[in-house]
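S.K.: task: produce atomic coordinates for the following.
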Amino acid sequence: DRVWRLGIRCPEAYSINFVFDRYVVPEGAKVFVYNEADVVIGGFTAESNPGHTVLGVTQVPGERITVEYIEPAAVQGRGELHINQVTHAYRDVVGSAPSLNESGSCNNNVICPEGDPWRNQIRSVAMITVGGSGFCTGQLINNCADDGTPYFLTARHCTQGENVGTWVFRFNWDSPTCSPTSNAPTNRTVSGSTMRATVSNADAALLQLNSTPPESYNVFYTGWDKSNTAATNATAIHHPSGDIKKISFEYQPVTSATYGGAQVWRVSAWNDGTTEGGSSGSGLWNQNGLLVGQLYGGEASCWFNFNDYYGKLSTSYSSFSQWLGNCGDQLQGYPITTGITDAGLDEPLMIAPNPSTGLIAISAPVRSGTIAVRVLDAVGRVVEEHTVTASGERIELDLSENAEGVYSVQVVAADKRYTSRLVLAR
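M.R.: The predicted structure is shown next:
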């Protein structure tokens, strides 16, 4: 094998990210990016951006990084790499310094108990690095074939003047603690996308990620409702100001309106949380957990929580149907299976965060009595077992001593068994 290394230094930068405008990596070759603290991104391969020659690389903490290319002898001379853009962060967008929180203090971390009914939708949402230094939000959206094609909905205005092929999509960036906010891995990314359609009168853009998120990301493809029926209450999941993922709630009905020439759903006032710059493109879900639009703009902040506007999916869907299909006004979401099959009589269990680095909170509808908590590996072996007294609160476990992989978590109480899949990834 042959190895090339390129050092990049940006003095006093919090982090560095860059774009390959020429990325041709033959089969068997790999690209790694790492810093002096042994944070490693990659390896990127031919499958990281199939059919494309542009690749964006997410933020790596520190002022000095190394780009390493390893080329096997069997494909000698076939690789081509060229970097045309390097961006250094002047603020801490990866949480390597104490100032992780960039958004307003009224925002709610998705791990908090109010996020429990929204665990699936939370897994669909990703932060987008736009143009190396800007931020938007979006979400994976299901299609009528239920086949896991990585279609991704965001705001049209985020795409204007930008090459979506260089975008980086960061999944699972969720604080593992409700309060105070703590950091989570920032390397669960997908690089590059292809534009499928934009709709100006709904400020909507449908992309297709250039590679499918790995199974270990445990993503969800959100369901949707294109019926043009106003939600009786609404929920937003987003990355305000490029911060770790947050969740906001409107307990009153949304209303139909026009904003900036677009057909929108108006959130008159957030009851809990808000949105900010960086939230653009994030979804609005109705009382049934179905996506009805994406954030266009508005006036909301922690100090003035009024008037946000979401481009209507009912307006944009006809332009998306070529890719998403025609299967009625509503479609449920699509979960990615992990190879562990739950017993048919088990009832669902909520675990967050999921994926997790080790610390998890378990919510089960058990209010009293003694319960057993079991953690099983992918072949069904019990790797941890605990007996606790139920108090109606969430059960917290530290599984950080267990290896990365897919597990099944069971809570057994009286004649009931609750179970859920868990992915440990670091």
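S.K.: who touches the closest residue to Tyr296 other than its chain neighbours in this structure?
M.R.: Spatial nearest neighbour of Tyr296, chain neighbours left out: Asp203 (4.0 Å); criterion: Cβ to Cβ, 6 or more residues apart in numbering. Just so you know, the C-beta spots here come from the backbone N, C-alpha and C atoms, and that holds for glycine as well. Asp203 makes contact with Ala155, Arg156, His157, Gly260, Ala262, Val264, Gln294, Tyr296, Gly297, Gly311, according to Cβ atoms under 8 Å, 6 or more residues apart in numbering.
S.K.: that's a strand at the third one, yeah?
M.R.: No. Counting by DSSP: H, G, I helix; E, B strand; the rest coil, His157 falls outside a strand, being helix.
S.K.: do you know the pLDDT at it?
M.R.: Note for His157: predicted pLDDT of 96.
S.K.: how far away is it from Glu250?
M.R.: For His157, the distance to Glu250 equals 22 Å [Cβ to Cβ, to the nearest Å].
S.K.: same check, this time on the first one
M.R.: Here the criterion is Cβ to Cβ. By it, Ala155 lies 19 Å from Glu250.
S.K.: more crowded one of the two?
M.R.: A direct count of neighbours by other Cβ atoms under 10 Å for Ala155 and Glu250 places Ala155 higher, at 27 against 24.
S.K.: now do the contacts for the more buried one.
M.R.: Applying Cβ under 8 Å, 6+ apart, the residues near Ala155 are Cys136, Gly138, Asp203, Ala204, Ala205, Ser280, Gly281, Gln294, Leu295, Tyr296, Gly311.
S.K.: wait, the fourth one touches Thr159, no?
M.R.: Yep, that's Ala204 we're talking about. No. If you go by Cβ atoms under 8 Å, Ala204 and Thr159 don't touch, sitting 10.0 Å apart.
S.K.: comparing the two, which residue is more hemmed in?
M.R.: Just comparing Ala204 and Thr159: by other Cβ under 10 Å the higher neighbour count belongs to Ala204, 29 against 21.
S.K.: beta partners of the more buried one?
M.R.: Ala155, Val199 (DSSP bridges).
S.K.: residues in contact with it?
M.R.: By Cβ under 8 Å, 6+ apart, the residues touching Ala204 are Leu153, Thr154, Ala155, Arg156, Thr198, Gln294, Gly311, Leu313, Thr315, Ser316, Ser319, Phe320.
S.K.: Glu47 now?
M.R.: Counting by Cβ under 8 Å, 6+ apart, Glu47 touches Ser211.
S.K.: in three-state terms, label it for me.
M.R.: Assignment for Glu47 (three-state DSSP): helix.
S.K.: in the stretch 101-250 of the chain, which spans are strands?
M.R.: In the stretch 101-250 of the chain, the strands defined using DSSP state E, counting those that start in this stretch lie at 108-109, 125-130, 134-140, 151-155, 168-171, 189-191, 193-199, 204-209, 220-221, 224-225, 234-238, 246-250.
S.K.: and these: which comes nearest Thr177?
M.R.: With Cβ to Cβ as the criterion, Thr177 lies closest to strand 108-109 of the strands of the stretch 101-250 of the chain, at 7.4 Å.
S.K.: run me through the strand neighbours of that closest one, direction for each.
M.R.: Assessed with DSSP bridges, strand 108-109 is paired to strand 246-250 (antiparallel).
S.K.: the inter-axis angle of the strand it pairs with versus strand 234-238?
M.R.: 160 degrees (axes from the mean of the first three to the mean of the last three Cα atoms, to 10 degrees).
S.K.: output strand 246-250 as CSV - backbone C-alpha positions only.
M.R.: Provided in CSV are the C-alpha atoms of strand 246-250 (Å, rounded to 0.1, in the frame of the first residue of the first chain):
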residue,chain,number,x,y,z
LYS,A,246,-33.7,20.7,20.3
ILE,A,247,-37.5,20.2,20.5
SER,A,248,-40.3,22.9,20.6
PHE,A,249,-44.0,22.7,21.2
GLU,A,250,-47.1,24.7,20.1
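S.K.: any idea how far Arg156 is from the residue nearest to Tyr296?
M.R.: From Asp203 over to Arg156 the distance is 5 Å, taken as Cβ to Cβ.
S.K.: joint contacts of those two?
M.R.: Listed as contacting both Asp203 and Arg156 by Cβ under 8 Å, 6+ apart are Gly311.
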